[in-house]
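Peer 1: following is a predicted model, sequence given first.
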Amino acid sequence: MMQEKRYDEGLEEIWRIKHEIAAEYQTLEDYFKGMMDYQEELKRQGVQFVRLPPRKPEPEMV
């Protein structure tokens, strides 16, 4: 029995956004730099970002 392929609007939207981002930035480093620049611009506009303290790894249960 073959299953019918289902169309998922949400996944299509995610892939569309992924392709837009990939077209805008040549490398992953360019993307990260662009995101950091975007955050800096938001900070200049008064947006505050939450900094959570680093979490300590939990000990492994054996």
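Peer 2: Yep, it's here.
Peer 1: quick one, helices of this structure?
Peer 2: 9-24, 28-44 (DSSP state H).
Peer 1: the shortest one vs helix 28-44, what angle?
Peer 2: Yep, that's helix 9-24 we're talking about. 100 degrees (axes from the mean of the first three to the mean of the last three Cα atoms, to 10 degrees).
Peer 1: now helix 9-24: mean pLDDT?
Peer 2: Across helix 9-24, pLDDT averages out at 93.
Peer 1: may I see the buried residues of that helix?
Peer 2: Buried residues in helix 9-24, counted by 16 or more other Cβ atoms under 10 Å: none are found. Quick note: C-beta positions are derived from backbone N, CA and C, even for glycine.
Peer 1: what does it rub up against?
Peer 2: Contact partners of helix 9-24, identified using Cβ atoms under 8 Å, 6 or more residues apart in numbering, comprise 31, 34.
Peer 1: would you list the helices of the chain in CSV and tack on distance to Glu58?
Peer 2: Shown next, in CSV, are the helices of the chain (distance: least, Cβ to Cβ, whole Å):
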stretch, distance to Glu58
helix 9-24, 31
helix 28-44, 28
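Peer 1: out of those, which gets nearest to Val50?
Peer 2: Val50 lies closest to helix 28-44 among the helices of the chain, at 12.3 Å (Cβ to Cβ).
Peer 1: that closest one: which residues count as buried?
Peer 2: Under the neighbour-count rule, helix 28-44 has none buried (16+ other Cβ under 10 Å).
Peer 1: and that helix, what's its mean pLDDT?
Peer 2: 95.
Peer 1: can you list contacts of it?
Peer 2: 21, 24-25, 49.
Peer 1: identify the farthest-apart pair in those residues.
Peer 2: Glu24 and Phe49 (22.4 Å).
Peer 1: can you tell me which of the contacts of helix 28-44 is nearest Tyr7?
Peer 2: Using Cβ to Cβ, the contacts of helix 28-44 come closest to Tyr7 at Ile21, 22.5 Å.
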